[in-house]
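[1] Below are the sequence and a predicted model; questions follow.
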Amino acid sequence: MKLTVSGKVIESDANECIWDMLTRKGTMNSLPDDCIKNTHGVYVFFDWNDNPIRIGKAVKARNRIMQYESDKNFSRWSSDIQLVSVFYTENIRESSDLEIQLIQEHQPCNNVHCK
């Protein structure tokens, strides 16, 4: 998937390997380094119908995604996840712009604005 943000084309990195790691309790610490970079980006959790169900930004995308394991609300919707896709960005400003654009476009139900 490619998006244009502030005149710049950003391509996603679909990380199907993350799905297995997120759903097996206690395995998040063994998430392979090559699955996801620990850099600026926007992550998107997709459901089984390829609809975004959670969109977020992170300064360190790998660390942020791994934090979901300890989130008490994550277990309520983790079974809906098919894959995680990450859009890597140059800086946090670009991440913020992209996150806003994606949330406005898709309005995922597991983002704060829906609660």
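    Looks like it came in fine.

[2] When you work out contacts or count neighbours from here on, use the C-alpha atoms and nothing else.
    Will do.

[3] pLDDT (mean, whole number) over the longest helix along the chain?
    If you go by DSSP state H, the chain has its longest helix at helix 92-106. Taken as a whole, helix 92-106 has an average pLDDT of 92.

[4] tell me which strands and helices that helix is in contact with?
    With contacts taken as 3 or more Cα pairs under 8 Å, 6 or more residues apart in numbering; DSSP states H and E, helix 92-106 sits against strand 2-5, strand 41-47, strand 52-58.

[5] Now do the second one and strand 52-58, the angle between them.
    Relative orientation of strand 41-47 versus strand 52-58 (axes from the mean of the first three to the mean of the last three Cα atoms, to 10 degrees): 160 degrees.

[6] What strands flank strand 41-47, and is each parallel or antiparallel?
    With DSSP bridges as the criterion, the sheet partners recorded for strand 41-47 are strand 52-58 (antiparallel), strand 81-88 (antiparallel).

[7] orientation of it relative to helix 92-106 in degrees?
    30 degrees.

[8] pull the CA atoms of strand 41-47 into CSV?
    C-alpha atoms of strand 41-47 as CSV (Å, rounded to 0.1, in the frame of the first residue of the first chain):
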residue,chain,number,x,y,z
GLY,A,41,6.3,5.1,11.9
VAL,A,42,2.6,4.6,11.8
TYR,A,43,1.3,1.1,12.5
VAL,A,44,-2.1,-0.3,11.4
PHE,A,45,-3.8,-3.4,12.7
PHE,A,46,-6.0,-4.9,10.1
ASP,A,47,-8.9,-7.3,10.6
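
[9] Just checking, which helix or strand of this structure averages the lowest pLDDT?
    Within the chain, judged by mean pLDDT, DSSP states H and E, the helix or strand with the poorest mean is helix 16-23; its value is a mean of 51.

[10] Residue 83 reaches residue 43, doesn't it?
    No - with contact defined as Cα atoms under 8 Å, residue 83 does not reach residue 43; the gap is 10.4 Å.
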